[in-house]
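[1] Sequence and predicted structure are below.
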Amino acid sequence: MESYDVAIVGAGVTGAAIARRLSAYSLDVALLEKECDVSFGVSKANSGIIHAGFHHSPSSLKARLEVLGNMMYDALQRELHFPFRRCGIVVAAFSIEEMKTVERLYAQGLDNKVIGIELCSRDRILSLEPKLNPDVVGGLHAPSGGIIEPYRFVFSLVESACKNGVTLKREFEVVEAEVSRVRRHRFVLRSRSGDAIRTRWVVNAAGLFADEVSRIVGGEELTIIPRKGEEFLMDRNAKGYPSRVVFPVPSPDSKGMLVIPTVEGTTMIGPTAIEVEDKEDLRTTHENFERVCASARRLVPSVSERDIITSFAGLRPTLAGNDFYIAVSQVQPHLIQVAGIQSPGLTASPAIAEYVKDLLKQDGLPLVERPDFDPAIEEVPRLRELDPEAADRLVQANPDYGEVVCRCETVSEAEVVAAIRRGHTTLDGVKFYTRAGMGRCQGGFCTYKTLKIIEREAKLSLSEITKRGEGSVVLGSTVGDLPVGGAS
Amino acid sequence: MKKRSYDTIVIGGGSAGLAAAAEIAGRGYRVAVLERELGLGGILNQCIHNGFGLHYFKEELTGPEYAERMIDKSSRFPGIDFYLDSAVLDVKGLIGGEARSGAENDGKPQPDGGLVVYGISKREGITEFTAASIVLAMGCRERNRGNIGIPGTRPAGVFTAGLAQRLVNVDGYIPGKEVVIVGSGDIGLIMARRMTWVGARVHGVVEIQPYPSGLTRNIAQCLNDFSIPLYLSHVVSEIHGRRRVEGVTITPIEDHHEQPGKSFRLDCDTLLLSVGLVPDNELSRRLGVVLNPETGGPYVDASLMTSVPGVFACGNVLHVHDLVDWVTEESSRCGSNVCDFLAGEATPWQGAVAAGANVKYVLPNRYTPSRKNVFYLRTLVVKNGALLRASLSGRTLLERRLAHVQPSEMVTFTLGPDAFAGGHGAAAKGGLADGRLEVSVE
């Protein structure tokens, strides 16, 4: 049985950031993911906002880690090359009452040490964002806010972690644990498929399932309540969208529905915030579509339903009290709980990783820096970002750059191959890594090309390729397989 | 980076591009056809059913046979170079010797030194093509789930009908065994039959309109002959299944409202979407070509030239046609106009064309009284015995009784110089202020 110092349960952004941070030390670390690829849970449907840090009270752990995390992204981007831009955030107020809330947010932002935060008059906010509803009376501007591709961030973190010795186990759903009080390796974790590993520490970063994982490994009782968010993505050709993330004035339990320019040039509207019971309920509904559109139009009147190219839903893992719960377990030694990581979990994730590293150290895990730690991963050039001269040099060096697989997002075969070689062997995995299939045709033209490249590179038969893992086979059979009855 | 120069660059080697290229090369000009797939013929290659060519070739052909005819026709001309497996990354206009995209100069000023097309291929890398003219012939793409906003889960097993057609007919893969089809467009109908033939069960075709949106002959040959139910005035209101499609909820529409109480579920593992086609104008947009929201294609003058001088458009990139025969006709005509442009012929006076009562659009957007004008239009209404009328400043130039019109069936008519003659010599000279040609269907 393989033995580890630390097993991190969950390869979402939190688990990935922790794994990557721990990879700087001479440790045996396992990163366990129940899905067939990393970032396929909560992190997949994240809105991709790097929050500035004015939404939460200075007394909360959230606020502290949010502001710290925000400041870590520039250095991380230099090492990990994920799409990220500090586009800034505005909060738009539409009444004197709302403006009072904005003033409170401003004060909170100052307390949290948010860099560059400013209160805006109507003129100021309209000069920053001319597409805002002219009924705006004023607002807040936080230039340190930004946007990111959340799954690309997770992919990069995991790639970096693995490059520095972390063992990633996909489709390892922890269903059972043995805990020994005497053994050096306190925990044995067993997967649904019957694999097992030994580990000294467990980090529970299981997102929506942190409560179940806590129960399995003998931790305290947690109750994770999924809060669903539906989002709608607009075509990049759509005109009249803002260049900063536009927030409404928040309500006590939600940051509200936003207009979000994505780092790849599209625009997103949403998310809703509705508590649901089912941790796999990712349905979208027509009613919420109308609510999101109406709410977005109140902020930016030019939002048009006609520009929508797709919709999706995600679930936030919320805990009672709404703060993060990051601590050494009160009942199970050598268990670190990282639960309730909802917004601003993505923003905070690099700081959460630091915090968890410190908790592990305090809990007795010796941290010795690896002399050979390499923080950088290879940057994969993206055809769509190159001018013709640079693209030509690239094709001469690697002809796969000369084959455009996805015409909407200008993704080359070389990029698809790079995704597959990094373990992203499902249609969704390739899509999230490369953007092939994410554009306006939503895979109508590139799906068959992508399938064939996966078939060749991952050595899978076409009937084994899935959209996102077990049970989601894309093509069942070949012509000639099915009994043909003719006219029925 | 390689550099090549031609009289015309044709973007797209489907029936539109091939027809235009043949026309232009036939008059002795040098033409490059850029095709992103490995072979010419475009979408025709996956349309292995028959019914093509009845109007243009006066015989019934399959899609690949039709494509073959077009390829043979165009490859006779030594002036055409075909660049296969060559996608176009960008198109720009040369302004004062500098290549600039439409986005950079907001469509203005107009190119004064020709046009540049950046092609990319595995073998050649990037090639910079320069030419005096471009024919946009990129065709169209399918609308998808996001465009019509079907609520529910997002499992594997949701395909656009055209993608499914390609998978079955070209790659030999069956997308699924238990199928529901959304939309009664022609591809959806053809796929209902095709899926049945490969052994899948098609449980129904769901159409939001009270009438089918595909050709009547396809309803008969693809649904009725196989007893596949057609649910008119119904929508798929939810997709079920977490990993793979498990079923759909179907809801009837009565008095323009969904009736959730009358919903029913069809179990299936596959949902095919045939919910319309959209001209694929991403490159046109980059070049600064002004697009018509009604068609999704460029505004074009009587010679099918877009708002950017030297840039022409034809086929499904201009507007979505019902039959490839019309694409070929329009594109040959476009090619001929490109030749006139290359020959430096002075553009004759043109007047505006407007969609009148019950007309969704009429193309081209301008007419020339001194020449033969071929118009294509789509109606907004379903009607028997409708009267098609073209009038110029209140004077009726053409009246024709049409047996049946519906939005899915394109209507065509021509107006020659004789129709414009008689009291309207002034219009031909450009002396008439209101030279607006209005086309209506009543």
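    Nice, I can see it.

[2] Please count neighbours and contacts with C-alpha atoms only from this point.
    OK.

[3] Tell me the residues on the stretch 201-350 of chain A that lie near chain B, please.
    Residues of the stretch 201-350 of chain A found near chain B (CA under 8 Å from any CA of the partner chain) are A:Glu280, A:Leu282, A:Arg283, A:Thr284, A:Thr285, A:His286, A:Arg306, A:Ile308, A:Ile309, A:Thr310, A:Ser311, A:Phe312.

[4] Narrow those to just the buried residues.
    Buried members of those, scored by 16 or more other CA atoms under 10 Å in any protein chain shown, are A:Leu282, A:Arg283, A:Thr284, A:Thr285, A:Ile308, A:Ile309, A:Thr310, A:Ser311, A:Phe312.

[5] And the pLDDT at the third one?
    I take that to be A:Thr284. With respect to pLDDT, A:Thr284 scores 92.

[6] mind listing what it touches?
    A:Glu230, A:Ser311, A:Phe312, A:Ala313, B:Pro151, B:Gly152, B:Thr153 (CA atoms under 8 Å, 6 or more residues apart in numbering or on different chains).

[7] Beta-bridge partners for it, please?
    Under DSSP bridges, the beta-bridge partners of A:Thr284 are B:Gly152.

[8] roughly how far apart are it and B:Val275?
    Distance, A:Thr284 to B:Val275, by CA to CA, to the nearest Å: 20 Å.

[9] One more: the first one?
    A:Leu282 sits 24 Å away from B:Val275, taking CA to CA as the criterion.

[10] rewinding a little: ok, which pair from the residues of the stretch 201-350 of chain A next to chain B is furthest apart?
    The largest separation in those, counting by CA to CA, is between A:Glu280 and A:Arg306 at 28.6 Å.

[11] mind listing the strands in the stretch 151-300 of chain A by residue range?
    Using DSSP state E, counting those that start in this stretch, the strands found in the stretch 151-300 of chain A span residues A:167-169, A:174-179, A:187-191, A:196-204, A:225-234, A:245-247, A:258-261, A:267-270, A:274-275.

[12] would TSV of the ones you listed with distance to B:Val324, mean neighbour count and mean pLDDT be doable?
    Below are those laid out as TSV (distance: least, CA to CA, whole Å; neighbours: other CA atoms under 10 Å in any protein chain shown; pLDDT from 0 to 100):
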stretch	distance to B:Val324	mean neighbour count	mean pLDDT
strand A:167-169	52	20	98
strand A:174-179	57	18	98
strand A:187-191	56	21	98
strand A:196-204	60	23	98
strand A:225-234	32	24	94
strand A:245-247	45	24	97
strand A:258-261	40	26	96
strand A:267-270	36	25	94
strand A:274-275	49	14	92
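
[13] okay if I get those strands as a markdown table plus distance to B:Arg242?
    As requested, the strands of the stretch 151-300 of chain A are exported to a markdown table (distance: least, CA to CA, whole Å):
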| stretch | distance to B:Arg242 |
| --- | --- |
| strand A:167-169 | 23 |
| strand A:174-179 | 21 |
| strand A:187-191 | 22 |
| strand A:196-204 | 25 |
| strand A:225-234 | 16 |
| strand A:245-247 | 31 |
| strand A:258-261 | 27 |
| strand A:267-270 | 22 |
| strand A:274-275 | 19 |
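
[14] What helices and strands are in contact with the longest helix along chain A?
    When chain A is parsed with DSSP state H, its longest helix is helix A:345-362. In terms of contacts (3 or more CA pairs under 8 Å, 6 or more residues apart in numbering or on different chains; DSSP states H and E), helix A:345-362 is packed against helix A:13-22, strand A:49-50, helix A:61-71, strand A:325-328, strand A:335-339.

[15] So is the helix or strand following that helix next to chain B?
    Using DSSP states H and E, the helix or strand that follows helix A:345-362 towards the C-terminus is helix A:388-397. Yes. Counting by CA under 8 Å from any CA, chain B is contacted by helix A:388-397 at A:Pro388, A:Glu389, A:Ala391, A:Asp392, A:Arg393, A:Val395, A:Gln396.

[16] between the strands of the stretch 151-300 of chain A, which gets nearest to A:Gly439?
    strand A:225-234 (9.5 Å).

[17] Parallel or antiparallel, list what pairs with the closest one.
    Take DSSP bridges as the rule and strand A:225-234 pairs in its sheet with strand A:267-270 (antiparallel), strand A:274-275 (antiparallel), strand A:308-318 (antiparallel).

[18] can you tell me the distance between the two ends of stretch B:339-356?
    32 Å.

[19] go on, stretch B:343-363?
    End-to-end distance for stretch B:343-363: 24 Å, by CA to CA.

[20] what about that stretch, distance to the chain center?
    Relative to its parent chain, stretch B:343-363 has a centroid offset of 18 Å by CA atoms, centre = their mean, to the nearest Å.

[21] quick one: contacts of that stretch?
    So stretch B:343-363 is contacted by B:294-295, B:300-302, B:364-370, B:375-381, B:428-430, B:435-442 (CA under 8 Å, 6+ apart).

[22] With stretch A:213-228 instead?
    Counting by CA under 8 Å, 6+ apart, A:9, A:174-179, A:187, A:204, A:206, A:208-211, A:272-279, A:282, A:313-320, A:329-332, A:335, A:337, A:340 sit against stretch A:213-228.

[23] same thing but at 7 Å, please
    A:175-177, A:204, A:206, A:208, A:211, A:272-277, A:279, A:313-319, A:329-332, A:340 (CA atoms under 7 Å, 6 or more residues apart in numbering or on different chains).

[24] buried ones in that stretch?
    Those would be A:213-214, A:216-219, A:222-228, for stretch A:213-228 by 16+ other CA under 10 Å.

[25] Out of those residues, which two sit at the greatest distance?
    Farthest pair in the buried residues of stretch A:213-228, by CA to CA: A:Gly218 and A:Lys228, 27.9 Å.

[26] ok, now how distant is A:Gly423 from A:Glu464?
    From A:Gly423 across to A:Glu464, the span is 15 Å (CA to CA).

[27] ignore the last one, B:Ala313
    Per CA to CA, B:Ala313 is found 42 Å from A:Glu464.

[28] Among those two, which residue is more densely surrounded?
    Taking other CA atoms under 10 Å in any protein chain shown, B:Ala313 and A:Glu464 do not tie; B:Ala313 has more neighbours (32 against 17).

[29] mind listing what the nearest residue in space to the more buried one that is not next to it in sequence touches?
    Distances taken as CA to CA, 6 or more residues apart in numbering or on different chains place B:Leu136 nearest to B:Ala313, at 4.6 Å, with adjacent residues excluded. Counting by CA under 7 Å, 6+ apart, B:Leu136 makes contact with B:Val10, B:Ile11, B:Phe312, B:Ala313, B:Cys314.
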